[in-house]
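**Student:** next one to model:
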Amino acid sequence: MLDAAKDLLPLLMQGAQVTIQVAFLSMIVALLAAFTAGMCRLSKSPIIRHTTMVYVEIFRGTSLLVQLFWLYYCLPFMGIELPKLLAGVLAIGLNYGAYGSEIVRSAILAIPKGQR
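**Tutor:** The predicted model follows:
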């Protein structure tokens, strides 16, 4: 039993390293997407506002698993092949960025006009 654990430990550590890497990179993508989309949702330009609304509704309206499958398995049919890590980071980051954009938008709208 202990020998099996010793044999698996390097694989588990490698998996933990990849998990931390995906989490960190996804967090960066999500923060950038959330602030960008949140500010764009408040834009006076209808094109920017509606384009951002489409992004938010698509990424909030579909599950993360569907988005992962789309980015990794469906995009190659259109000629865009992403590495595994990039597909995972983009899917997670854009998904959470869409949810975060609503938080940014509502937080800005909650500030009274006198404090802006």
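**Student:** what stretches of the chain score poorly on pLDDT?
**Tutor:** 1 (pLDDT under 70).
**Student:** what about 90?
**Tutor:** 1-10, 113-116 (pLDDT under 90).
**Student:** biggest helix in it by residues?
**Tutor:** Counting by DSSP state H, the longest helix found in the chain is helix 2-40.
**Student:** quick one, the helix or strand encompassing Glu102 and helix 2-40 angle?
**Tutor:** Per DSSP states H and E, Glu102 falls inside helix 84-109. For helix 84-109 against helix 2-40, the angle by axes from the mean of the first three to the mean of the last three CA atoms, to 10 degrees is 40 degrees.
**Student:** what comes up buried for helix 84-109?
**Tutor:** Under the neighbour-count criterion of 16 or more other CB atoms under 10 Å, helix 84-109 has 87-98, 100-101, 104-105 buried. The C-beta positions use only the backbone N, C-alpha and C, and glycine is treated the same way.
**Student:** for it, packing partners?
**Tutor:** If you count contacts as 3 or more CB pairs under 8 Å, 6 or more residues apart in numbering; DSSP states H and E, helix 84-109 packs onto helix 2-40, helix 46-61, helix 64-69.
**Student:** chain neighbours aside, what residue packs nearest to the residue nearest the centre of the chain?
**Tutor:** Geometric centre of the chain, nearest residue: Gly93, 1.6 Å, by CA atoms, centre = their mean. Distance criterion CB to CB, 6 or more residues apart in numbering; nearest residue to Gly93, sequence neighbours excluded, is Val29 at 2.6 Å.
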